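1. predicted model and sequence below, questions to follow.
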Amino acid sequence: MMILTTLSEKLDDQTSRVFWRVGTKRSGIIDVKIDFSHEDSDLISELSAIQYLLFEEKVMGREPGSGSGYKLVVSKGAIKKLARGKSTKKHAQKFAAFLQNRMAGVQIEVSQSREFMADPKSCVTVLLDANRQEYANTHDAVETPAMGTVYVTAHAVEQYKERLSTGDPKKPWASLVNRLKHPELRIRNLPANVLAHKAKKYGTADNVEAWGHPTSKFTYLIVNDNGRRTLVTVFEREQ
(Lines give C-alpha, C1' and ligand atoms only; values in the text may rest on other atoms or scores of the structure.)
Protein backbone atom coordinates (compact mmCIF):
# COMPACT_ATOMS: atom_id res chain seq x y z
CA MET A 1 0.00 0.00 0.00
CA MET A 2 1.37 3.39 -1.04
CA ILE A 3 0.32 6.15 1.36
CA LEU A 4 0.25 9.94 0.93
CA THR A 5 -0.55 11.97 4.04
CA THR A 6 -1.66 15.61 3.86
CA LEU A 7 -2.71 18.23 6.39
CA SER A 8 -4.00 21.69 5.49
CA GLU A 9 -4.10 24.93 7.49
CA LYS A 10 -6.11 27.91 6.34
CA LEU A 11 -4.19 31.19 6.12
CA ASP A 12 -7.01 33.23 4.57
CA ASP A 13 -9.89 32.78 2.12
CA GLN A 14 -7.48 32.32 -0.80
CA THR A 15 -4.36 30.73 0.67
CA SER A 16 -3.61 27.69 2.80
CA ARG A 17 -0.53 25.78 3.90
CA VAL A 18 -0.49 22.06 3.11
CA PHE A 19 1.93 19.74 4.89
CA TRP A 20 2.57 16.39 3.22
CA ARG A 21 4.61 13.24 3.66
CA VAL A 22 5.21 9.86 2.08
CA GLY A 23 6.53 7.43 4.66
CA THR A 24 8.50 8.89 7.56
CA LYS A 25 11.47 10.46 5.78
CA ARG A 26 10.05 12.24 2.74
CA SER A 27 7.97 15.33 3.45
CA GLY A 28 7.36 18.91 2.40
CA ILE A 29 5.22 22.03 2.66
CA ILE A 30 3.15 23.67 -0.08
CA ASP A 31 1.62 27.12 0.18
CA VAL A 32 -1.43 26.92 -2.07
CA LYS A 33 -3.25 29.92 -3.51
CA ILE A 34 -6.59 29.40 -5.22
CA ASP A 35 -7.88 31.87 -7.82
CA PHE A 36 -11.08 32.78 -5.95
CA SER A 37 -12.06 33.51 -2.35
CA HIS A 38 -13.88 30.90 -0.28
CA GLU A 39 -14.22 30.02 3.38
CA ASP A 40 -13.22 26.43 2.52
CA SER A 41 -9.93 27.46 0.93
CA ASP A 42 -8.12 24.88 3.10
CA LEU A 43 -10.27 22.03 1.75
CA ILE A 44 -9.85 23.15 -1.86
CA SER A 45 -6.12 23.70 -1.34
CA GLU A 46 -5.65 20.22 0.10
CA LEU A 47 -7.43 18.63 -2.87
CA SER A 48 -5.32 20.69 -5.27
CA ALA A 49 -2.10 19.78 -3.46
CA ILE A 50 -2.96 16.08 -3.60
CA GLN A 51 -3.39 16.30 -7.38
CA TYR A 52 -0.13 18.22 -7.71
CA LEU A 53 1.78 15.68 -5.61
CA LEU A 54 0.32 12.58 -7.30
CA PHE A 55 0.23 13.62 -10.94
CA GLU A 56 2.85 16.35 -11.34
CA GLU A 57 5.48 15.64 -8.70
CA LYS A 58 4.79 11.87 -8.80
CA VAL A 59 5.77 11.52 -5.13
CA MET A 60 4.73 7.84 -5.23
CA GLY A 61 7.45 7.14 -7.78
CA ARG A 62 5.06 6.87 -10.69
CA GLU A 63 1.88 8.47 -11.99
CA PRO A 64 -1.16 6.59 -10.63
CA GLY A 65 -3.60 5.14 -13.14
CA SER A 66 -6.12 4.00 -10.54
CA GLY A 67 -6.77 4.18 -6.82
CA SER A 68 -6.01 0.49 -6.32
CA GLY A 69 -3.07 0.03 -3.97
CA TYR A 70 -3.11 3.67 -2.83
CA LYS A 71 -4.20 5.31 0.40
CA LEU A 72 -4.72 8.99 1.18
CA VAL A 73 -4.57 10.13 4.79
CA VAL A 74 -6.20 13.57 4.74
CA SER A 75 -7.03 16.21 7.33
CA LYS A 76 -10.53 17.06 6.11
CA GLY A 77 -13.41 14.62 6.52
CA ALA A 78 -15.16 16.33 3.62
CA ILE A 79 -12.59 14.81 1.25
CA LYS A 80 -13.76 11.32 2.16
CA LYS A 81 -17.39 12.37 1.68
CA LEU A 82 -16.59 13.99 -1.67
CA ALA A 83 -14.95 10.77 -2.87
CA ARG A 84 -18.14 8.91 -1.99
CA GLY A 85 -20.36 11.52 -3.66
CA LYS A 86 -22.04 12.27 -0.32
CA SER A 87 -20.76 15.76 0.46
CA THR A 88 -22.91 18.88 0.45
CA LYS A 89 -19.89 21.03 -0.44
CA LYS A 90 -20.81 21.54 -4.09
CA HIS A 91 -18.04 24.12 -4.57
CA ALA A 92 -15.40 21.44 -3.99
CA GLN A 93 -16.87 18.66 -6.14
CA LYS A 94 -14.93 19.43 -9.30
CA PHE A 95 -11.67 19.68 -7.34
CA ALA A 96 -12.40 16.18 -5.99
CA ALA A 97 -13.54 14.66 -9.30
CA PHE A 98 -10.24 12.80 -9.71
CA LEU A 99 -11.08 10.70 -6.63
CA GLN A 100 -14.10 9.20 -8.41
CA ASN A 101 -12.49 8.95 -11.83
CA ARG A 102 -8.76 8.48 -12.20
CA MET A 103 -8.22 7.49 -8.53
CA ALA A 104 -11.43 5.49 -8.16
CA GLY A 105 -11.05 2.88 -5.44
CA VAL A 106 -8.44 4.78 -3.43
CA GLN A 107 -8.62 4.24 0.33
CA ILE A 108 -9.14 7.42 2.35
CA GLU A 109 -8.51 7.93 6.06
CA VAL A 110 -8.95 11.12 8.08
CA SER A 111 -6.31 12.27 10.56
CA GLN A 112 -4.94 15.56 11.90
CA SER A 113 -1.68 14.03 13.11
CA ARG A 114 1.47 16.11 12.55
CA GLU A 115 3.83 13.22 13.19
CA PHE A 116 6.79 13.18 10.76
CA MET A 117 5.57 16.35 9.03
CA ALA A 118 8.14 18.92 7.86
CA ASP A 119 9.12 21.85 10.08
CA PRO A 120 8.37 25.24 8.46
CA LYS A 121 11.51 26.66 10.10
CA SER A 122 13.83 24.27 8.26
CA CYS A 123 11.86 23.30 5.14
CA VAL A 124 11.74 25.24 1.88
CA THR A 125 8.10 25.96 1.09
CA VAL A 126 6.82 25.33 -2.44
CA LEU A 127 4.34 27.84 -3.89
CA LEU A 128 1.41 26.46 -5.90
CA ASP A 129 -1.09 28.56 -7.85
CA ALA A 130 -4.13 26.29 -7.99
CA ASN A 131 -6.27 27.70 -10.78
CA ARG A 132 -9.72 26.26 -11.35
CA GLN A 133 -9.11 25.51 -15.03
CA GLU A 134 -6.44 22.97 -14.10
CA TYR A 135 -7.35 21.67 -10.65
CA ALA A 136 -11.15 21.69 -10.99
CA ASN A 137 -11.04 20.06 -14.42
CA THR A 138 -13.24 16.96 -14.55
CA HIS A 139 -11.56 15.87 -17.80
CA ASP A 140 -8.10 14.27 -17.63
CA ALA A 141 -5.66 15.36 -20.34
CA VAL A 142 -3.91 12.41 -22.01
CA GLU A 143 -1.17 12.68 -24.63
CA THR A 144 -1.66 10.20 -27.49
CA PRO A 145 0.49 9.55 -30.59
CA ALA A 146 -2.45 9.33 -33.02
CA MET A 147 -4.88 11.98 -31.79
CA GLY A 148 -2.66 14.38 -29.88
CA THR A 149 -4.01 15.63 -26.55
CA VAL A 150 -7.32 13.99 -25.64
CA TYR A 151 -9.46 14.99 -22.67
CA VAL A 152 -11.07 11.94 -21.06
CA THR A 153 -14.48 12.37 -19.40
CA ALA A 154 -15.72 10.35 -16.44
CA HIS A 155 -18.69 9.26 -18.58
CA ALA A 156 -16.33 7.78 -21.17
CA VAL A 157 -14.49 5.81 -18.47
CA GLU A 158 -17.79 4.51 -17.09
CA GLN A 159 -19.01 3.49 -20.55
CA TYR A 160 -15.70 1.76 -21.22
CA LYS A 161 -15.88 -0.12 -17.92
CA GLU A 162 -19.40 -1.35 -18.70
CA ARG A 163 -18.32 -2.65 -22.11
CA LEU A 164 -14.95 -4.06 -21.11
CA SER A 165 -14.65 -7.77 -21.85
CA THR A 166 -10.82 -7.95 -21.82
CA GLY A 167 -8.12 -6.11 -19.91
CA ASP A 168 -8.28 -5.11 -16.24
CA PRO A 169 -11.75 -3.96 -15.10
CA LYS A 170 -10.30 -3.03 -11.70
CA LYS A 171 -8.30 -0.25 -13.35
CA PRO A 172 -10.64 1.09 -16.07
CA TRP A 173 -9.01 4.53 -16.37
CA ALA A 174 -5.52 3.08 -16.86
CA SER A 175 -6.83 0.40 -19.22
CA LEU A 176 -8.67 2.94 -21.38
CA VAL A 177 -5.73 5.35 -21.49
CA ASN A 178 -3.43 2.50 -22.53
CA ARG A 179 -5.72 1.81 -25.51
CA LEU A 180 -5.93 5.50 -26.43
CA LYS A 181 -2.14 5.65 -26.58
CA HIS A 182 -1.93 2.99 -29.29
CA PRO A 183 -0.11 4.57 -32.27
CA GLU A 184 -2.25 2.75 -34.85
CA LEU A 185 -5.60 4.29 -33.94
CA ARG A 186 -7.34 5.66 -37.01
CA ILE A 187 -10.52 7.60 -37.80
CA ARG A 188 -13.26 5.06 -38.36
CA ASN A 189 -16.13 5.40 -40.81
CA LEU A 190 -19.48 4.71 -39.18
CA PRO A 191 -22.86 4.10 -40.82
CA ALA A 192 -24.62 7.43 -41.39
CA ASN A 193 -27.47 6.58 -39.01
CA VAL A 194 -25.07 5.68 -36.19
CA LEU A 195 -22.98 8.80 -36.67
CA ALA A 196 -26.11 10.95 -36.81
CA HIS A 197 -27.37 9.47 -33.54
CA LYS A 198 -24.05 10.01 -31.77
CA ALA A 199 -23.68 13.52 -33.19
CA LYS A 200 -27.15 14.47 -31.97
CA LYS A 201 -26.33 13.22 -28.48
CA TYR A 202 -22.78 14.52 -28.08
CA GLY A 203 -22.03 17.20 -30.68
CA THR A 204 -22.75 18.05 -34.31
CA ALA A 205 -22.14 16.25 -37.59
CA ASP A 206 -19.15 18.51 -38.17
CA ASN A 207 -17.28 17.99 -34.90
CA VAL A 208 -17.79 14.32 -34.03
CA GLU A 209 -15.01 11.85 -34.84
CA ALA A 210 -15.02 8.09 -34.40
CA TRP A 211 -11.60 6.52 -33.76
CA GLY A 212 -10.59 2.89 -33.44
CA HIS A 213 -7.91 0.28 -34.04
CA PRO A 214 -8.23 -1.83 -37.22
CA THR A 215 -8.38 -5.08 -35.24
CA SER A 216 -10.55 -3.87 -32.35
CA LYS A 217 -14.31 -3.51 -32.01
CA PHE A 218 -13.93 -0.58 -29.61
CA THR A 219 -14.88 2.81 -31.04
CA TYR A 220 -13.85 6.01 -29.27
CA LEU A 221 -16.20 8.91 -29.92
CA ILE A 222 -14.35 12.22 -29.93
CA VAL A 223 -15.82 15.73 -29.99
CA ASN A 224 -13.33 17.97 -31.77
CA ASP A 225 -14.01 21.53 -30.65
CA ASN A 226 -11.63 23.74 -32.64
CA GLY A 227 -8.75 21.33 -32.14
CA ARG A 228 -9.55 20.32 -28.55
CA ARG A 229 -10.44 16.64 -28.62
CA THR A 230 -12.66 15.29 -25.84
CA LEU A 231 -13.48 11.59 -25.49
CA VAL A 232 -17.19 11.58 -24.64
CA THR A 233 -18.07 7.89 -24.89
CA VAL A 234 -16.85 4.44 -25.87
CA PHE A 235 -18.90 1.76 -27.59
CA GLU A 236 -18.38 -1.59 -29.26
CA ARG A 237 -19.51 -2.54 -32.74
CA GLU A 238 -19.32 -5.82 -34.56
CA GLN A 239 -16.69 -5.86 -37.33
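-> Everything's here; your move. Numbering: from 1, shown residues only.
2. in contact with the spatially most central residue of the chain, which residues?
-> Geometric centre of the chain, nearest residue: residue 98, 3.5 Å, by Cα atoms, centre = their mean. Going by Cβ atoms under 8 Å, 6 or more residues apart in numbering, residue 98 touches 51, 140. To be clear about C-beta, it is placed using only N, CA and C from the backbone, and glycine gets the same treatment.
3. so what's residue 19 up against?
-> Taking Cβ under 8 Å, 6+ apart, one finds 6, 7, 8, 9, 27, 28, 29, 114, 117, 118 in contact with residue 19.
4. from these, pick the one nearest residue 46.
-> residue 8 (3.9 Å; Cβ to Cβ).
5. and the pLDDT for the closest residue to residue 232 other than its chain neighbours?
-> Take residue 232 and drop its neighbours on the chain: the residue closest to it by Cβ to Cβ, 6 or more residues apart in numbering is residue 202, 4.6 Å away. pLDDT recorded at residue 202 is 72.
6. quick one: residue 69 and residue 1 touch, right?
-> Yes. Taking Cβ atoms under 8 Å as the definition, residue 69 is a contact partner of residue 1 at 6.3 Å.
7. circling back: just send the contacts of residue 19 back as CSV, with secondary structure too.
-> Formatted as CSV, these follow (DSSP: H, G, I helix; E, B strand; the rest coil):
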residue, secondary structure
6, strand
7, strand
8, strand
9, strand
27, strand
28, strand
29, strand
114, coil
117, coil
118, coil
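8. which one of those sits closest to residue 163?
-> Distances from residue 163 to the contacts of residue 19, taken by Cβ to Cβ, are shortest for residue 6, at 35.2 Å.
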